[in-house]
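Trainee: Provided below for reference: sequence and predicted model.
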Amino acid sequence: MSKSDSEKNRIKDEFDLIQSENGDIDFSKHLAKPEDLPDLGEIEIYDYDSDLTVASQQAMDVLEPLVDLYLGDVPKLKEHPYIKSKMKEDAMVYAEAIFLTKMTRKNLLTQMRQVDNGDNSARMHEVVNQTVGQIRENAKFLSGQKTELEKFYKTLRKDLGYNEIEPEAIAPEEIEEGKGPDGDITDNRRLNDMIKQAMMNRDQGKS
């Protein structure tokens, strides 16, 4: 018999001995009873998918009126494939920010309940303070993101040669679908060229 087999048999014999010596022990007497445990409250399965759906809808509720505000008087431009794709992309990023804000708030509520249940350690208070700080950062990011989106569409309108928004000065009947800034017909090809040039001008301005 090898040394390894001998050691395995020794451990097995010791285990069998321990079991035989303690076979009549009632381990249930040494387990905590339900009434001795802290009240953890009712366990709920959180519906994350539902929150993601709500966040996406909230983001679209922000983006659609924003785009309509700056490009609504130029239907041909508003319905351009690039603009529609850009709006969906912006809405996705904004929705993720909204969702993360909700999750951070959810974490804070969970932490506060832990404190209410008696967890008053210094570490727990540190975690709570960090979460509160993150909530402030999330709010600042959301506000800044919205400002950046407004700036983007406002600048895009200007780069494409359209006038500043003057709702009271422009009567709805004076706006004709497909007209460019000078009243000439704007087709999809020209719109593509205008948008491409506007993007290039902006990239050159940042460099």
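Mentor: Thanks, I have the structure now.
Trainee: could you pull out the strands for this protein?
Mentor: Counting by DSSP state E, no segments of the chain form strands.
Trainee: give me the low-pLDDT residue ranges for it?
Mentor: Counting by pLDDT under 70, the chain contains low-confidence ranges at 1, 19, 21-44, 165-207.
Trainee: look through it and tell me its longest helix.
Mentor: When every helix of the chain is counted residue by residue (DSSP state H), the longest turns out to be helix 122-159.
Trainee: buried residues in that helix?
Mentor: Along helix 122-159, the positions that meet the burial threshold by neighbour count (16 or more other Cβ atoms under 10 Å) are 127-128, 131, 134, 138, 142, 145, 149, 153-154, 156-157, 159. Where C-beta positions appear, they are placed from N, C-alpha and C, glycine not excepted.
Trainee: need these in JSON lines with distance to Ser56, can you?
Mentor: Conversion of those to JSON lines gives the following (distance: Cβ to Cβ, whole Å):
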{"residue": "Val127", "distance to Ser56": "29"}
{"residue": "Val128", "distance to Ser56": "29"}
{"residue": "Thr131", "distance to Ser56": "24"}
{"residue": "Gln134", "distance to Ser56": "22"}
{"residue": "Asn138", "distance to Ser56": "17"}
{"residue": "Leu142", "distance to Ser56": "15"}
{"residue": "Gln145", "distance to Ser56": "15"}
{"residue": "Leu149", "distance to Ser56": "16"}
{"residue": "Tyr153", "distance to Ser56": "20"}
{"residue": "Lys154", "distance to Ser56": "24"}
{"residue": "Leu156", "distance to Ser56": "23"}
{"residue": "Arg157", "distance to Ser56": "26"}
{"residue": "Asp159", "distance to Ser56": "29"}
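Trainee: Asn120: which of the residues you listed is nearest?
Mentor: Val128 (10.6 Å; Cβ to Cβ).
Trainee: shouldn't that closest one be in contact with Leu109?
Mentor: No. Val128 lies out of contact with Leu109 (Cβ atoms under 8 Å); the separation is 10.6 Å.
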